[in-house]
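> Build me a model:
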Amino acid sequence: MNPIGSRNKSIPLCSLLILMVFLSGRAIFAESFGFQEKQRNAGVGYSGTKGDLIQNRDKKRNKSDGNNPTLPLANENNAKNFNTRHRSQKNYEPMFQIPIASPYAQNLTDEDLIYAQENRGKPENRDEDWEAELDKELEELEKRGNMFEGSRGFTSPTQVDPLTGDRSTQNLMMDITAAVDMVGSWDNNKPQTTSNGFDVREAEFGFFGAIDQWGRGTLLAAAHNENGQYVFEVHEANIIFPFISRYVNLKLGRMFLDWGRLNRIHRHDWPFTMAPIIHQKLMDREAVADTGGELSILNPFFERFSQELVFGVTNGRQWGHSHNAGQNKNNPMAYAHLKNFYYFGDNWGSQFGGTIIRYEPDPDSNAERRQYGLDAVLRWNRGNQRSFMIMSELWYRENRFPDVRNPDTFENEAVPMDTQWGYYIFVEYQFHQLWLVGYRYDFFNVPNLRNSRGDFARNALEANTFQITFRPSEFSFIRASAERRYNADFSSSSEPEFIDYRYYIQVTYLLGSHPAHQY
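You can find the predicted model right below:
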């Protein structure tokens, strides 16, 4: 082999390699020079202010509006120089490229250059800063929400956050409601036991909402049909202070008293058409309402079991429905109601409790009425497709009278108490999204009822009621019911026993917002 010949062949190869390196270097230099020129024109690397840079950016955006889609460089003189050097305003592309990673970014926008100038010398943490600010805002919102956690009485969607809301407009944000309750009744008894007609039994109008950051107000007024005439009266007008303590609130004003299960619920929200017999006898056709105060204490310190204790003191001038102020009493009416809530799981829940009432019927005779009650409800539901409820109340009343002096012996003798008691059991099952069926059993008795000879007289009042309800939504329903009532009273000689049948149709609808019902 000829070593000299091999050396001669390697000379062209070396020359070619040197030429490629030289051309690649010119390409890299030209690319970097073009990038620096673009930086200089856009404002990076010169002593201009941020305002000048933003003004140049806005000028470019204004020029790009219309039919000219081309974005010229910020400075036309620099653009002319750029054209002189590179013959194009487009991104410079070298004639030769080798697979060497360029240290300079390509296709930079003015926003990127502005950010580069603002954050010169700072670490690149745009994503971290954004996430930190978002976490800070979420933490602040959660902190404000936790301040009202566990508070009661402010569940209305119109309630304004007292920390962030405009309190000057809060009083204008109240809910308005209207309820119309129409009932038709019919019987074939002699004498008649129903009105045998279809009328508007009650029309109720109400306003409720937050007064300020401390109280919530309710105003409910209704017009009743009484013997063909509509009588207007105030059902409820009260204020609730839910922030006395986290688990204590106070209600002041006129209200349906928190007794048992049914007394605090308005008639158009009952699960049946007519009041149970025990409720009619010992309370009223609808409810016992009075003016005073109720203090509610909640004990939520158990996982599945909680308690609420209600103490109430009212004027006690009247009992039940009345259109006058009543008679002044020596002592107010006082009551207490203990409610227990227990969740079994699997959509089963219950509430049961007891009530004690003390009332003064007559201030002149020093008579005293004491009434005791037990109430319970058991519920189950599967969405709005299936539901089951069983509800019951038992009440016992005793009217105690002062001793009287015997004119013959001049000794005080006790007067027998007047006692009454009774209960009802109601069962309702929803077998379809729109249909429900129900049954109620009523019983009432006067244990110390006597005949004309002074002997105890057997008596009882029983009723069996079947009903079916069509409920297209929570704002309306149509209900039909049939009642069989048995009457027994052996204190008199005229017909001690008889049976009557009564039939009812009820149509009820609601307008506007309606407050959530208690469990």
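> Please count neighbours and contacts with C-alpha atoms only from this point.
OK.
> SS state for Glu131?
helix (DSSP: H, G, I helix; E, B strand; the rest coil).
> how many neighbours does it have?
12 (other C-alpha atoms under 10 Å).
> got the contact list for it?
Residues counted as contacts of Glu131 (C-alpha atoms under 8 Å, 6 or more residues apart in numbering): none.
> and if you look at Asn196?
Applying C-alpha under 8 Å, 6+ apart, the residues contacting Asn196 are Gly184, Ser185, Trp186, Asp187.
> Can you say which of those residues are buried?
Burial of the contacts of Asn196 was assessed by neighbour count (16 or more other C-alpha atoms under 10 Å); the buried members are Gly184, Ser185, Trp186, Asp187.
> just curious, which of the residues you listed is nearest to Asn347?
Proximity of these to Asn347 (C-alpha to C-alpha) peaks at Gly184, which lies at 35.5 Å.
> The closest one: which element?
Using DSSP states H and E, Gly184 maps to strand 175-187.
> can you check Leu138 too?
Going by DSSP H and E, Leu138 is in helix 126-146.
> Restricting to C-alpha, output that helix in PDB.
These are the backbone C-alpha positions of helix 126-146, laid out as PDB (Å, rounded to 0.1, in the frame of the first residue of the first chain):
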ATOM      1  CA  ARG A 126     -45.500  31.100  37.200                       C
ATOM      2  CA  ASP A 127     -47.400  27.900  37.800                       C
ATOM      3  CA  GLU A 128     -46.400  27.700  41.400                       C
ATOM      4  CA  ASP A 129     -47.400  31.300  42.100                       C
ATOM      5  CA  TRP A 130     -50.800  30.800  40.500                       C
ATOM      6  CA  GLU A 131     -51.500  27.700  42.400                       C
ATOM      7  CA  ALA A 132     -50.400  29.300  45.700                       C
ATOM      8  CA  GLU A 133     -52.800  32.300  45.100                       C
ATOM      9  CA  LEU A 134     -55.700  29.900  44.300                       C
ATOM     10  CA  ASP A 135     -55.000  27.800  47.400                       C
ATOM     11  CA  LYS A 136     -55.000  31.000  49.500                       C
ATOM     12  CA  GLU A 137     -58.300  32.200  48.100                       C
ATOM     13  CA  LEU A 138     -60.000  28.800  48.700                       C
ATOM     14  CA  GLU A 139     -58.600  28.700  52.200                       C
ATOM     15  CA  GLU A 140     -60.100  32.100  52.900                       C
ATOM     16  CA  LEU A 141     -63.500  31.100  51.500                       C
ATOM     17  CA  GLU A 142     -63.500  27.900  53.600                       C
ATOM     18  CA  LYS A 143     -62.600  29.900  56.700                       C
ATOM     19  CA  ARG A 144     -65.500  32.300  56.200                       C
ATOM     20  CA  GLY A 145     -67.900  29.400  55.600                       C
ATOM     21  CA  ASN A 146     -66.800  27.600  58.800                       C
END
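> when you give positions from now on, start the count at 30
Will do, 30 is the new start, and the previous item becomes helix 155-175.
> Next one: Arg508 relative to Ser542, how far apart?
22 Å (C-alpha to C-alpha, to the nearest Å).
> who's more crowded, those two?
Arg508 (21 against 16).
> List the residues that contact the more buried one.
So Arg508 contacts Thr302, Gln496, Ile497, Thr498, Phe499, Ile534, Gln535, Val536 (C-alpha under 8 Å, 6+ apart).
> And the pLDDT at the first one?
This means Thr302. With respect to pLDDT, Thr302 has a value of 95.
> ok but it is inside a strand, no?
No. Thr302 sits outside any strand when classified using three-state DSSP, being coil.
> And the average pLDDT for stretch 495-515 is what?
Computed over stretch 495-515, the mean pLDDT rounds to 95.
> ends of that stretch, how far apart?
Stretch 495-515 end-to-end distance (C-alpha to C-alpha) = 15 Å.
> show me the contacts for Glu397.
So Glu397 contacts Arg387, Tyr388, Glu389, Pro390, Asp391, Asn428, Arg429, Phe430 (C-alpha under 8 Å, 6+ apart).
> Check the residues you listed for burial and list the buried ones.
Arg387, Tyr388, Glu389, Pro390, Asn428, Arg429, Phe430.
> Out of these, name the ones that lie in strands.
Arg387, Tyr388, Asn428, Arg429 (DSSP state E).
> Need these in a markdown table (columns: pLDDT).
Shown next, in a markdown table, are these (pLDDT from 0 to 100):
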| residue | pLDDT |
| --- | --- |
| Arg387 | 94 |
| Tyr388 | 93 |
| Asn428 | 90 |
| Arg429 | 87 |
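> picking up where we left off before, farthest pair in the contacts of Glu397?
Pairwise across the contacts of Glu397, and taking C-alpha to C-alpha, the largest span is found between Arg387 and Phe430, at 13.6 Å.
> and the closest residue to Ala252 other than its chain neighbours, how many residues sit next to it?
For Ala252, ignoring the flanking residues on the chain, the nearest one in space by C-alpha to C-alpha, 6 or more residues apart in numbering is Phe261 at 4.2 Å. Residues near Phe261, counting by other C-alpha under 10 Å, number 15.
> give me the element Phe261 is part of.
Counting by DSSP H and E, Phe261 is part of strand 258-274.
> buried stuff in that strand?
Quick answer for strand 258-274 (16+ other C-alpha under 10 Å): Val263, His264, Glu265, Ala266, Asn267, Ile268, Ile269, Phe270, Pro271, Phe272.
> helices or strands next to the strand holding Gly213 in the packing?
Counting contacts by 3 or more C-alpha pairs under 8 Å, 6 or more residues apart in numbering; DSSP states H and E, strand 204-216 is packed against strand 226-239, strand 526-541.
> Out of these, flag the one nearest Arg314.
Nearest of the helices and strands packed on strand 204-216 (C-alpha to C-alpha): strand 226-239, 11.7 Å.
> Could you list the buried residues of that closest one?
Quick answer for strand 226-239 (16+ other C-alpha under 10 Å): Val229, Arg230, Glu231, Ala232, Glu233, Phe234, Gly235, Phe236, Phe237, Gly238, Ala239.
> ok, Asn474 to Ala318 distance?
25 Å.
> cool, His543 as well?
On the measure of C-alpha to C-alpha, His543 and Ala318 end up 20 Å apart.
> Those two: which has the busier surroundings?
When His543 and Ala318 are compared for neighbours, Ala318 comes out ahead with 25 against 18, by other C-alpha under 10 Å.
> count of neighbours near the closest residue in space to that one that isn't next to it in sequence?
Spatial nearest neighbour of Ala318, excluding adjacent residues (C-alpha to C-alpha, 6+ apart): Phe285 at 4.4 Å. Neighbour count of Phe285, defined by other C-alpha under 10 Å: 19.
> quick one, what contacts Arg426?
So Arg426 contacts Leu311, Arg398, Arg399, Gln400, Tyr401, Asp447, Thr448, Gln449, Trp450 (C-alpha under 8 Å, 6+ apart).
> Would you list the buried entries among the residues you listed?
Leu311, Arg398, Arg399, Gln400, Tyr401, Thr448, Gln449, Trp450.
> From Ile268, how far off is the closest residue to Phe270 other than its chain neighbours?
Excluding its sequence neighbours, the residue lying closest to Phe270 (C-alpha to C-alpha, 6+ apart) is Gly244, at 4.7 Å. Counting by C-alpha to C-alpha, the gap from Gly244 to Ile268 is 6 Å.
> Tell me where the model's unsure across the chain.
Filtered on pLDDT under 70, the chain yields the residue ranges 30-157, 174-201, 522, 545-548.
> which residues of the stretch 430-548 of the chain fall in strands?
Counting by DSSP state E, counting those that start in this stretch, the segments of the stretch 430-548 of the chain that form strands are 433-434, 441-442, 447-459, 464-474, 488-502, 505-518, 526-541.
> Can you list the strands that the third one pairs with?
The sheet places strand 447-459 alongside strand 415-429 (antiparallel), strand 464-474 (antiparallel), with pairing taken from DSSP bridges.
> now the angle from the shortest one to strand 488-502?
Here strand 464-474 runs at 160 degrees with respect to strand 488-502, directions being taken by axes from the mean of the first three to the mean of the last three C-alpha atoms, to 10 degrees.
> who touches strand 464-474?
305-307, 449-460, 488-500.
> backbone phi and psi for the residue nearest to Ala318, please?
phi -80, psi 120 (degrees, to the nearest 10).
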